[in-house]
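Asker: I would like to see how this sequence folds:
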Amino acid sequence: MLYIVLTVLMIALDQAVKYWAFTSLKAQRTIPLVENVFHLTYIENRGAAFSMFAQFDSRWIFVTLAVVISVVIGVALYKGWMQNALGRWSLVMVAAGAIGNAIDRVIRGFVVDLFDFRLIHFPVFNVADIFICVGAVLFIIYFLFQHKDEGQADASQSKSLERDNHE
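Answerer: Numbering: from 1, shown residues only. So this is what the prediction gives:
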């Protein structure tokens with residue numbers, strides 16, 4: 001239940017920032033916070049990450065993908081497949097980001113992007129994108145350093161019991 005509430009709060013934050021960008025920033029187009037380094041710039045992204053596939057209407061593909069990913073994440077959380085908080089948080093963040101961008105695609109037909117790092121010419125992105133990227137990095141860290149599949153856990157427990165019985 002906690003993860004559902006946190007997912008909803010993350011989606012609400014994403015949608016609030018995008019609503020502000022759509023209603024206020026759109027008219028100004030860009031607001032330099034640090035000239036030529038970091039701007040808030042209104043962009044309508046009709047494709048995927050970094051405007052890939054923007055040449056055709058791909059929104060329903062990405063909405064479907066977001067729904068499938070969110071359902072799989074929901075099942076993983078419900079069934080307890082993630083063994084610790086880092087793994088669960090990574091999935092919550094990815095789901096919140098996917099749903100946040102899917103909402104934009106359904107309601108507007110595009111995703112509102114606004115964070116513009118011009119110093120390194122990075123593509124413009126939004127809060128949902130941050131959730132997805134941070135969640136993906138956390139998942140990689142979890143998987144590489146903390147995840148143990150059942151086979152590994154059973155094998156290490158058996159070796160530990162065997163060693164204890166011989167001593």
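
Asker: Which stretches in the protein count as helices?
Answerer: Secondary structure of the chain by DSSP state H: the helices cover 2-20, 26-28, 59-79, 85-107, 127-145, 150-166.

Asker: Highest mean neighbour count out of those?
Answerer: For those, the largest average neighbour count (mean count of other C-beta atoms under 10 Å) is found in helix 85-107, namely a mean of 22. Yep, even glycine has a C-beta here, placed from its N, CA and C like the rest.

Asker: Ranked by average pLDDT, which of the helices of the chain falls at the bottom?
Answerer: Ranked by mean pLDDT, the helices of the chain end with helix 150-166 at the bottom, a mean of 51.

Asker: contacting residues around stretch 71-86?
Answerer: By C-beta atoms under 8 Å, 6 or more residues apart in numbering, the residues outside stretch 71-86 that reach it are 3, 88, 90-92, 94-95, 138, 141-142, 146-148.

Asker: Restrict it to CA atoms and write it as CSV.
Answerer: Provided in CSV are the C-alpha atoms of stretch 71-86 (Å, rounded to 0.1, in the frame of the first residue of the first chain):
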residue,chain,number,x,y,z
VAL,A,71,1.4,-4.2,-14.4
VAL,A,72,4.6,-6.3,-14.3
ILE,A,73,6.1,-4.0,-11.7
GLY,A,74,2.9,-4.1,-9.7
VAL,A,75,2.9,-7.9,-9.8
ALA,A,76,6.6,-8.0,-8.8
LEU,A,77,5.9,-5.8,-5.8
TYR,A,78,2.7,-7.6,-4.8
LYS,A,79,4.4,-11.0,-5.0
GLY,A,80,7.5,-9.8,-3.1
TRP,A,81,10.0,-10.6,-5.9
MET,A,82,12.2,-7.8,-4.9
GLN,A,83,14.2,-8.8,-1.8
ASN,A,84,14.9,-5.4,-0.4
ALA,A,85,13.9,-1.7,-0.3
LEU,A,86,16.4,-0.7,-3.0
